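In: Quick one, fold the following:
(one chain, ligands or ions: 1)
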Amino acid sequence: MQAFTYHAPRSVNEAVELLASTDGKSVLLAGGTDVLVQLRENLRHADHVIDIKQIPELTQLKTTADGGLSLGSAVTCSQLLHSEPAAPYVALLDAAQIIGGWQIQSRATIGGNLCNSSPAADSVPALLALGAEVEYATPTGTQTCCVSEFCTGPGKNVMNGQGLLVSLKLLPLGPTSGSAYERFIPRYEMDIAVASAGAYIELADDGTIATARIALGAVGPKAILATQPADALIGQTPSDELIEDVARQAATLATPINDMRGTIEFRQQLTYVLVKRTLHTALLRAAGQVVSHHPR
Ligand SMILES: Cc1cc2nc3c(=O)[nH]c(=O)nc-3n(C[C@H](O)[C@H](O)[C@H](O)COP(=O)(O)OP(=O)(O)OC[C@H]3O[C@@H](n4cnc5c(N)ncnc54)[C@H](O)[C@@H]3O)c2cc1C
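Out: Numbering: from 1, shown residues only. The predicted structure is shown next:
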């Protein structure tokens, strides 16, 4: 690995100033489970590594005044999985508990998973389904955007190497709501999703669907918010036929590539199956059932 200067700033401002003053020759380091691998394999080069874990606000996880959830960008998967305020955000927990194994989860952050901006990143469809927004700091000030606008392509995001992701804000959950995330991976290969889906459902008092969000992962250059299929659920009484129909619509939005892990047709079929499953699970969870795919 190329030699670099290590920095451990104590505030967001200090980190952003360092980033700006090192003129594109620095990388931010959270858990390091992506970036250290990239540096070691010479896929990236940096004269300066800026470790953000010493910035207190980035490791905070708390309920917001409106009842939502705020996650500092350096909150680890493990911290999330053991936190009470995060417990109702089940789709994100589904994702966090399949990112690598326990060792990776104790280092890997949700912010790093998003900033690495892989189309197959497990947390991203869950964040989309849960209506997450991000706040990031740049030399010219703080900006916010929806997670759906944050990633711009494989390995790319709106910060363009010039910003520091500060926090993620997840919307408050409805009183009768459920969410889920699932992925497909071939057991004999690397643990990255061949296709994945996240879903959120909120039921009205009369049992009809009041709010719905569906997200697709690993079937396009970035995760996809399947808005139209989700809107088709609104005002409807949940049924197997409705879910089947919406899952088929969602699969038409998948624009996957052919590669050694799966063909286009296989990934489209997987998308249909995973959307169907996550919608079913979200509905069961909204009804108060405990559905666990990955018991710890
Ligand atoms: C063995 C192994 C298994 C894995 N399995 C999975 C898996 O199953 N699913 C999956 O999705 N991923 C998996 N990963 C990838 C990885 O663990 C995740 O992407 C992780 O969440 C990244 O978080 P991190 O804190 O380690 O990020 P880092 O490696 O520290 O950073 C990742 C990128 O984001 C940037 N960055 C980090 N924080 C910020 C910030 N606050 N602001 C701006 N930029 C920032 C860094 O500069 C870097 O470009 C695996 C990795 C390994 C090594």
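In: Need the three-state assignment for the closest residue to the ligand within the stretch 1-150 of the chain.
Out: Residue of the stretch 1-150 of the chain nearest the ligand, by C-beta to the nearest ligand atom: residue 112 (2.2 Å). Any C-beta I mention is one placed from the backbone N, CA and C, and that applies to glycine too. Assigned by DSSP: H, G, I helix; E, B strand; the rest coil, the conformation of residue 112 is helix.
In: Around the ligand, pick out the residues from this protein.
Out: By the rule C-beta under 6 Å from any ligand atom, the part of the chain lying against the ligand is 27-35, 37, 52, 73, 98-100, 104, 107-109, 111-113, 115-116, 121-122, 164-165, 191-192.
In: In ChimeraX, select just the buried ones from these.
Out: Buried members of the residues of the chain next to the ligand, defined by 16 or more other C-beta atoms under 10 Å, are picked up in ChimeraX with:
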select :27,28,29,30,31,32,33,34,35,52,73,98,99,107,108,109,111,112,113,115,116,121,122,164,165,192
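In: Show only the entries of the residues of the chain next to the ligand found in helices.
Out: Mapping those onto helices (DSSP state H) picks out 35, 37, 104, 111, 112, 113, 115, 116.
In: what's the closest non-adjacent residue to the fourth one?
Out: Spelled out, that is residue 111. residue 73 (3.0 Å; C-beta to C-beta, 6 or more residues apart in numbering).
In: Then the second one?
Out: In this structure, residue 37 finds its nearest non-sequential neighbour in residue 43, 7.9 Å apart by C-beta to C-beta, 6+ apart.
In: now the one you found: how far from residue 248?
Out: Using C-beta to C-beta, to the nearest Å, we find residue 43 at a distance of 38 Å from residue 248.
In: the more surrounded of these two?
Out: residue 248 (14 against 11; other C-beta atoms under 10 Å).
In: What are the buried residues along the helix or strand containing that one?
Out: Here residue 248 is covered by helix 240-252, with elements defined by DSSP states H and E. For helix 240-252, a neighbour-count test (16+ other C-beta under 10 Å) marks 243, 246, 247, 249, 250, 251 as buried.
In: Spit out the contact partners of the fourth one.
Out: With C-beta atoms under 8 Å, 6 or more residues apart in numbering as the criterion, the residues that contact residue 249 are 226, 228, 229, 232.
In: separation between it and the ligand?
Out: From residue 249 over to the ligand the distance is 26 Å, taken as C-beta to the nearest ligand atom, to the nearest Å.
In: any idea of the pLDDT on that residue?
Out: Looking at residue 249, its pLDDT is 98.
In: any idea how far it lies from residue 226?
Out: 8 Å.
In: Ok, residue 43 next?
Out: Counting by C-beta to C-beta, the gap from residue 43 to residue 226 is 31 Å.
In: Number of residues surrounding residue 138?
Out: When neighbours are counted by other C-beta under 10 Å, residue 138 comes out with 16.
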